[in-house]
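curious how this folds, go ahead:
(2 chains)
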Amino acid sequence: MKISEKITQFFKYVFLWIITLITLIPFLWIWMSSFKSNKEILTSALALPTEFSFEGYIDAFNTAPLLNYYMNSIIVVVTSTLLGVFLVGMAAYVIARFDFKFKNIIFVTLSVSLLLPITALIYPIYSVIRGLGLYDTRSGLILVNIGLGLPTTLYILRSYFLSIPKELEEAAYIDGSGFFRTYLSIMIPIAKPGFATAAVLQFILGWNEFLFALVITDSKRVRTVPLAINYFLSQFSFDYRALFAAIVIITIPSIIAFVALQEQVVDSLAAGSVKG
Amino acid sequence: MDKKRNLYIAIFLMPAIIIFVIIYLIPVYNVITTSFLEWNLFVGDKTFIGLDNYINAFTNDSLFMASLKNTLIWVVLQGTFHVGLGTMVALFLADKPKMWKFMRVSYMLPNMISGAAFAIILLNIYNPEIGLINQFISFLGVENFQQNWFFDTSTAFFAVTMTWLPYAGLVAILVLAEIMSIPTSLYEAAAIAGATKFQQKLYVTLPLLKNIIGTCVLISATSMLKEFEHIYLTTNGGPGSTTLSLPLYLYKTALIENNYAYANTMGTILVIIGFLIIFVINKLFVLGHSDR
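Residues are numbered from 1 along each chain as shown, chains lettered A, B, ... in the order given. Below you'll find the model as predicted:
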């Protein structure tokens, strides 16, 4: 009994390590290879680099406007995160707090959009963005990102507002605080954890968004980090070293951010999925 | 006073509703209504042709049928194997073995970086000349097993599937979070009643996980209806149509062939499949009725 339990324990542990390695090895291999020379990559894929060379990184920065892509990503994602949680938060607040006509219909309609396979809407969304004159602009990307995050943000913030006792804002109203001011200076500060959760999810979504960035933008001027890869593929079909360096440059910030904020991210993902 | 309050409510709802109308409502309306038209780059004026696009898709278009078949296979694989693997990892991690936090973070990495970057990493891992997999096979001395993984008809489907199927980090952390929220008193009661660790998992943990597993099946299965960049950046649907998916075929039809109405027909079909999947999974798991 004791021994059999030990054996199962051992196999579980081996299984977990296999899973972990299957995940990590591709990253480690790309990182290692990015310091090799092209010749080494071609001849000895398994070996460690004989000398560390940063030339791949220099090539990557020289050939593609990576910094530009980063700036675009930061502008687009930070704006859509802040604006998204603020604007959708307003709707979440009144839906959680007040009774009005069509309230349930509005809530259900807005959240049901989560279940739509959004790729079905590639062409109509492209047309709408064109029609609004937002094709190939950061504003167009920001708008689409807010839209993609809307159902989850609404759901998380509504749940959070529902969990806050009503007495606090009633006291504020009695003191003569206006509707907007009560929301800004009383509700937002109390609901900070809820906003943080929603913001984390909206940020991840926007940072990794590829399809719509591909469809509604066209120029290097506005394109975001995930699309840098698309650009790199056509540029260096045989310069593996620079491609690998580019992948490292593109993925490292997400990895560092995730490892640093893992508890917050894990909590956010758990909160965002409990729709049942 | 009441009027003023209603005005504020309307103002507060307005931004979300406007965004919803632009990104969801108008597009959904367009996708459905234009699917009954003939409308492409060459036939500029839209003419009503009823169900012709649908009939054409199901009877005449082998690319459509191939992409539909592939997409449905991936939906089933993702809803079963992927969720099963993630759940197993979560159950094992729940015992908090040594370095479990490191394992949890590592397993999440493919979900945290952009899918585009991960697709390119795997494209190189499976590269026939320089890739880790073939090099490892030759290191083992069994060169016969070397393949041009992504670009050979016999292996392309497998290679594309391997870019997402084993990476169930999201499922693992969702299930793990749910396991950790189960009160320990339940296990203590089971232990007093004489249940072994394995029995506790089987009779205490698993039933309580029904809801979250159902949610994971829903998320994972429907994610395949959105899957785009992993295929687009690796095989681009090829060779032939072996790895073509419905979203990718839709993208090509709309933006490369400029056959807008036909692309929107596929969009409508995708939406319908999406709702069918949701309906079936809700029936199977009776979601929303918590057992707790």
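
and the contacts of the one helix or strand in chain B whose mean pLDDT sits lowest?
Every helix and strand in chain B was compared by mean pLDDT, DSSP states H and E; the lowest is helix B:197-200, with a mean of 80. By CB atoms under 8 Å, 6 or more residues apart in numbering or on different chains, the residues outside helix B:197-200 that reach it are A:5, A:8, B:187, B:190-191. Where you see a C-beta, it was placed from the backbone N, CA and C, and this is true even at glycine.

confidence-wise, which of these comes last?
Among those, residue A:5 carries the weakest pLDDT, at 80.

which ones are touching it?
residue B:197 are the contacts of residue A:5 under CB under 8 Å, 6+ apart.

so, low pLDDT: which residues of the stretch 1-150 of chain A?
A:1 (pLDDT under 70).

ok, now the stretch 151-276 of chain A?
A:234-238, A:274-276.

give me the residue from the stretch 1-150 of chain A nearest chain B.
residue A:147 (2.9 Å; CB to the nearest CB).

so which bits of the least confident helix or strand of chain B are buried?
Residues residue B:200 are the ones in helix B:197-200 that count as buried (16 or more other CB atoms under 10 Å in any protein chain shown).

what residues of the next helix or strand after that helix count as buried?
Next in sequence after helix B:197-200, counting helices and strands by DSSP states H and E, comes helix B:206-208. Buried residues in helix B:206-208, counted by 16+ other CB under 10 Å: residue B:208.

cool, and stretch A:84-103?
For stretch A:84-103, the neighbour count (16+ other CB under 10 Å) marks A:84-97 as buried.

residue nearest the centroid of the chain?
You didn't say which chain, so I picked chain A. residue A:204 (1.4 Å; CA atoms, centre = their mean).

I was after chain B.
With distances taken as CA atoms, centre = their mean, the residue of chain B nearest its centroid is residue B:223 (2.0 Å).

chain neighbours aside, what residue packs nearest to that one?
residue B:78 (6.6 Å; CB to CB, 6 or more residues apart in numbering or on different chains).

swap in residue A:203?
residue A:81 (4.9 Å).

how is residue 257 assigned, secondary-structure-wise?
Just going to use chain A. helix (DSSP: H, G, I helix; E, B strand; the rest coil).

actually, chain B is the one I wanted.
Criterion first, three-state DSSP; result for residue B:257: coil.

then the one 10 residues further on?
Secondary structure of residue B:267, reduced to three states by three-state DSSP: helix.

I'd say it and residue A:122 touch.
Yes - here residue B:267 reaches residue A:122: they are 7.4 Å apart, a contact under CB atoms under 8 Å.

find residues that contact each of the two.
Listed as contacting both residue B:267 and residue A:122 by CB under 8 Å, 6+ apart are residue B:250.

ok, these two, which is more surrounded?
Set residue B:267 next to residue A:122 and count neighbours by other CB atoms under 10 Å in any protein chain shown: residue B:267 wins out with 30 against 27.

ok, and the closest non-adjacent residue to the more buried one?
Counting by CB to CB, 6+ apart, the residue nearest residue B:267 is residue A:120, at 3.7 Å.

mind listing what the one you found touches?
Listed by CB under 8 Å, 6+ apart, the contact set of residue A:120 reads B:31, B:225, B:247, B:250, B:266-268, B:270-271, B:274.

and those, which of them are in helices?
The helices, defined by DSSP state H, take in B:31, B:247, B:250, B:266-268, B:270-271, B:274 from these.

now for the residue in chain B that chain A sits nearest to, how many residues are close by?
With CB to the nearest CB, the shortest gap between chain B and chain A falls at residue B:23, namely 2.9 Å. By the criterion of other CB under 10 Å, residue B:23 has 26 neighbours.

name the element the closest residue to it other than its chain neighbours belongs to?
Excluding the flanking residues, the one nearest residue B:23 by CB to CB, 6+ apart is residue A:147, at 2.9 Å. Per DSSP H and E, residue A:147 falls inside helix A:138-162.

list the buried residues for that helix?
A:138, A:140-161.

from the chain's centre, how far out does stretch B:197-204 sit?
30 Å (CA atoms, centre = their mean, to the nearest Å).

wait, isn't residue A:271 in contact with residue A:156?
Yes - Residue A:271 lies in contact with residue A:156 (CB under 8 Å); the separation is 5.8 Å.

are stretch A:253-262 and chain B in contact anywhere?
Yes - contact of stretch A:253-262 with chain B (CB under 8 Å from any CB of the partner chain) involves A:254-255, A:258-259, A:262.

narrow these to those that are buried.
A:254, A:258, A:262.

what pLDDT does the residue of chain B closest to chain A get?
We have a pLDDT of 94 for residue B:23.

also the one 3 residues further on?
Note for residue B:26: predicted pLDDT of 94.

now the angle between helix A:138-162 and whichever strand or helix holds it, please.
Counting by DSSP H and E, the element that carries residue B:26 is helix B:26-34. Using axes from the mean of the first three to the mean of the last three CA atoms, to 10 degrees, the inter-axis angle of helix B:26-34 relative to helix A:138-162 is 110 degrees.

helix B:26-34 vs chain A: in contact?
Yes - shown here: helix B:26-34 in contact with chain A (CB under 8 Å from any CB) through B:26-28, B:30-31, B:34.

swap in stretch B:231-242?
Yes - in terms of CB under 8 Å from any CB, part of stretch B:231-242 sits within range of chain A, namely residue B:233.

ok, and what's touching that stretch?
Counting by CB under 8 Å, 6+ apart, A:229-230, A:233, B:62-63, B:66-67, B:70, B:116, B:119-120, B:122-123, B:150-153, B:156-157, B:159-160, B:163, B:243-245, B:248-249, B:251-252 sit against stretch B:231-242.

for that stretch, list the C-alpha coordinates in CSV.
Provided in CSV are the C-alpha atoms of stretch B:231-242 (Å, rounded to 0.1, in the frame of the first residue of the first chain):
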residue,chain,number,x,y,z
ILE,B,231,-2.1,27.9,-38.7
TYR,B,232,-1.7,31.2,-40.7
LEU,B,233,2.0,31.5,-39.7
THR,B,234,3.0,27.9,-40.0
THR,B,235,1.3,25.9,-42.8
ASN,B,236,-1.1,28.6,-44.0
GLY,B,237,-3.6,25.8,-44.5
GLY,B,238,-1.5,23.6,-46.6
PRO,B,239,-0.2,21.4,-48.1
GLY,B,240,-3.4,21.4,-50.2
SER,B,241,-6.1,21.8,-47.7
THR,B,242,-4.8,19.4,-45.1
